[in-house]
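> Take a look and give me a structure for this.
(2 chains)
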Amino acid sequence: MLALYDTAARGVRSLDVGQDRLFRLYVCGPTVYELPHVGHGRALLVYDVLRRYLEGRGVPVRHVSNVTDVDDKIIARALSEGETPEAIAARYEEEWWAASDRLGVLRPSSAPRATEYIEEMVGLIAELVAARVAYEAPDGVYLETGKVSDYGLLTPQALADLRAGARVETVAGKRSPLDFALWKLAKPAEPAWPSPWGAGRPGWHTECVVMALDLLGEDFDLHAGGTDLRFPHHENERAQASALGRGFARHWMHHEMVNAAGGEKMARSAGNFTTLTELLDEVDPRAYRLLVLRAQYRQPMEVSPAALADATAGLARLDALARRLLAPGGSAPGGSGSGGSAPGGIAADPAVLERFGACLADDLDTPGAAAVLFDAVRAANAAADAGDNETAAGLARAVEAAAAWVGLPLRGGRAEVPEAIQELVARRERARTARDFAAADRLRDELARAGWAVEDTPAGSLVRPSSA
RNA sequence: GGCGGCGUGGCCGAGUGGUUGAGGCAAGGGCCUGCAAAGCCCUGUACAGCGGUUCGAUUCCGCUCGCCGCCUCCA
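Next up, the predicted model:
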C-alpha cells in the first residue's frame, strides 16, 4: 500500500501501513526567522500529498511537525530589527501557517514549539550526560559522536572524509569536529532557560528527538524532511536516540530542493519568486501544487515564471473539464451532444482511481499519477464529444476524486457573475441571435477588457473570469 | 579536496536491456465554431560525449565534459 525510498536503507522499501493501525509521521518544520520561500512550499506540499494519500486509503495518520522558535538565526534577526526574539518568532510562525493554509496544506496533528519542550530537552540531555555520551565544554554541552556505534547511518560518506574536507570550526573543548551542541550557554542578552550546566538554550538537534519520542513514541513509522537535513540534523537526531537505546524512525524520507530557472539564483530582480508568500500572490496556489506534483519528490525541481505558467495552463485544463462535465445544474449546458453535466448517480471510474493510487503508492510517483489524471481528462472529453455522457461523467468524476485526493480541488462551478457582466452577456446573446456578429464581437471584447472570457456552447454562452 | 545526485524531443518531466518514446505546456495541420473559446484527431529522425559488456544499450560498467546538492545556517 506504500513503498518509499528509505535513506537509511538506500533503496525503496515497503512501509507497514494499514487501516487498523495509526501511521506515525514526523516532519521537520521551519525555523521561524523569515518568510517561507518556495522550497518550504514544496516541502509542505510533498508531505501533505503523502498524508492525504494515506488518509484517502483510510489509514489514520498522526502527523507531528515542530516549529523551531529559539535559534541563533532568530536571535540575529531580532538584533538587526531591534525586536525581541519572541516577537520575531511569533511573527514568522504566523506567516508560515498563513502560507501553509493558502496552499491548502492540512495542519499537522501537533505542531509543538521548541520553547514548549525546554524542560524535556534538558531531561534528555541530562540522560545523555549520565550515560557518558555527552560532555561539558566551556560554552555548552556536546554529544560525543564517537560513542554512538551507528553514527553515520544516514550519511553515505565516510566520516573520516567528512572531517577532512569540512569547514572546521574550532571550539575549545570540543573533542571531535563531529560532536554537536546539545546545550548552548547563553551570552549576555540572549534568551536563556535554567539547566544543570548553566543558563542557556538547547541545540537545534535535540528538539526533534524529544518531540518525536514524546508525541509519537519509539519506532515511529516515518521521519521526513529536506535532503539538506540528512546531515547533520537527522544524523544527529537519531544519534541521541541511539545513544540512549531508544527506537527511533523506522524509515527516513528526504525530498529534493527547488532551483530557480536555469540554475539562476532566485531573486526578485530576475523576475523569479523568492518567497512563497509572494508566489502565492501571483499564481493560483493550486498551480504551484500541480507544479510540485509533476516533479518526483526525489528530483530537484525548477520554479520559474515559465514553469508556473505551464502549471497554470495544466490546471486550466482540469478546471475546464470540471466546468464542462461536473458543474452543478442551473446554467450548465445540459442535454445531449457535445456537453452535458454529469448525470446524477454516476460513480467515479474505478480503474482511473486505481491506477492513480498505484502511482502514489510507488514511492510517491506523482508525475505518473498526473499522467493518469490527464489521460482521463482527454478520455472524458472524447467520450463527451462522442455523446457518451455516462462514460464521460464516470471519468470526470474520477478526475475530480483523484485530484481532490492529492489536495487539488477543481473549480467547475460558475463564478459569481456581477449583474453588469450578465447584462453584457445577455446583450451579446441577443446580437448573436440576430446574427449581428460585429456587435457580438464588440461585446465580447468589452467583456474581455473587464476580465471575463466567454464561451459559446450548444446550451448557451458561458462566462468565467479570464484568469481561471 | 571528499561524498552524493543529475544530464531524455522547443520547454518541463516519467520510463525501459530488444520490433510501436508516459503525461503536460508550446508549435504545425485538421474537425467543430458566424469568428472565437473549450474540446477532439493527426504531426516529434530524444535519451551529453567517448569507450566497454551484450546477439542487441537510452537503459548495465568505466572514463570525459557539464550542472546541482551536502561536508555542522538551510525545506
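
> got the residues of the stretch 201-350 of chain A near RNA strand B?
Counting by Cβ under 7 Å from any atom of the strand, the stretch 201-350 of chain A comes close to RNA strand B at A:204, A:225-233, A:255, A:257-259, A:263, A:294-296, A:299-302, A:306-307, A:309-310, A:313-314, A:317, A:320-321, A:324, A:338. C-beta: built from backbone N, CA, C; applies to glycine.

> beta partners of the residue in the stretch 201-350 of chain A that RNA strand B sits nearest to?
Across the stretch 201-350 of chain A, the shortest distance to RNA strand B (Cβ to the nearest atom of the strand) belongs to A:Gly226, at 2.4 Å. Judged by DSSP bridges, the bridge partners of A:Gly226 are A:His255.

> okay but it is in contact with A:Trp252, surely?
No: taking contacts as Cβ atoms under 8 Å, A:Gly226 lies outside contact range of A:Trp252: 11.9 Å.

> Would you tell me what helix or strand the closest residue to A:Gln422 other than its chain neighbours is located in?
Of all residues not flanking A:Gln422 in the chain, A:Val463 sits nearest, at 7.9 Å (Cβ to Cβ, 6 or more residues apart in numbering). Using DSSP states H and E, A:Val463 maps to strand A:460-465.

> other SSEs contacting that strand?
Contacts defined by 3 or more Cβ pairs under 8 Å, 6 or more residues apart in numbering; DSSP states H and E place strand A:460-465 against helix A:419-433, strand A:452-457.

> By mean pLDDT, show me the worst of the ones you listed.
For the helices and strands packed on strand A:460-465, mean pLDDT drops lowest on strand A:452-457, to a mean of 89.

> Identify the neighbouring strands of that one in the sheet and state each direction.
Applying DSSP bridges, strand A:452-457 is found paired with strand A:460-465 (antiparallel).

> Show me what counts as buried in the partner strand.
Neighbour-count burial for strand A:460-465 flags A:Ser461, A:Leu462, A:Val463, A:Arg464 (criterion: 16 or more other Cβ atoms under 10 Å).

> For the residues you listed, work out which two are farthest apart.
A:Ser461 and A:Arg464 (10.9 Å; Cβ to Cβ).

> Now for those two: what residues contact both?
Here A:Ser461 and A:Arg464 share the contacting residues A:Glu455, scored by Cβ atoms under 8 Å, 6 or more residues apart in numbering.

> Break down the stretch 251-400 of chain A into its strands, ranges please.
A:252-255, A:258-260, A:301-303 (DSSP state E, counting those that start in this stretch).

> contact partners of the first one?
The reference is to strand A:252-255. When contacts are defined by Cβ under 8 Å, 6+ apart, strand A:252-255 is touched by residues A:4-8, A:42-43, A:46, A:50, A:154, A:222-227, A:229-230, A:234, A:297-298.

> now do 7 Å
Strand A:252-255 has contacts (Cβ atoms under 7 Å, 6 or more residues apart in numbering) with A:4-8, A:42-43, A:46, A:154, A:222-227, A:230, A:234, A:297-298.

> Filter these down to the buried ones, PyMOL style.
Of the contacts of strand A:252-255, the buried ones can be selected in PyMOL as follows, counting by 16+ other Cβ under 10 Å:
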select buried, chain A and resi 4+5+6+7+8+42+43+46+154+222+223+224+225+226+230+234+297+298
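
> Identify those among the contacts of strand A:252-255 that sit within helices.
Members of the contacts of strand A:252-255 lying in helices (criterion: DSSP state H): A:Arg42, A:Ala43, A:Val46.

> I'd say the residue nearest to A:Gln422 and A:Ala420 touch.
No: using Cβ atoms under 7 Å, A:Val463 is not in contact with A:Ala420, being 11.5 Å away.

> on that earlier part again, let me see the contact set for the residue of the stretch 201-350 of chain A closest to RNA strand B.
A:Gly226 touches A:Ala43, A:His254, A:His255, A:Met257, counting by Cβ under 7 Å, 6+ apart.

> What average pLDDT does the strand holding A:Val463 get?
Rounded mean pLDDT across strand A:460-465 is 86.

> Only C-alpha atoms, please: export it in PDB.
Output in PDB follows, covering the C-alpha atoms of strand A:460-465 (Å, rounded to 0.1, in the frame of the first residue of the first chain):
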ATOM      1  CA  GLY A 460     -25.700  28.900 -24.400                       C
ATOM      2  CA  SER A 461     -22.900  31.300 -23.700                       C
ATOM      3  CA  LEU A 462     -20.900  30.800 -20.500                       C
ATOM      4  CA  VAL A 463     -18.700  33.400 -18.900                       C
ATOM      5  CA  ARG A 464     -15.800  33.000 -16.500                       C
ATOM      6  CA  PRO A 465     -13.000  35.100 -15.100                       C
END
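
> so A:Glu55 is in which element?
Assigned by DSSP H and E, A:Glu55 falls in helix A:38-56.

> does RNA strand B sit close to that helix?
Yes: Helix A:38-56 lies within reach of RNA strand B by Cβ under 7 Å from any atom of the strand, at A:Gly39, A:His40, A:Arg42, A:Ala43.
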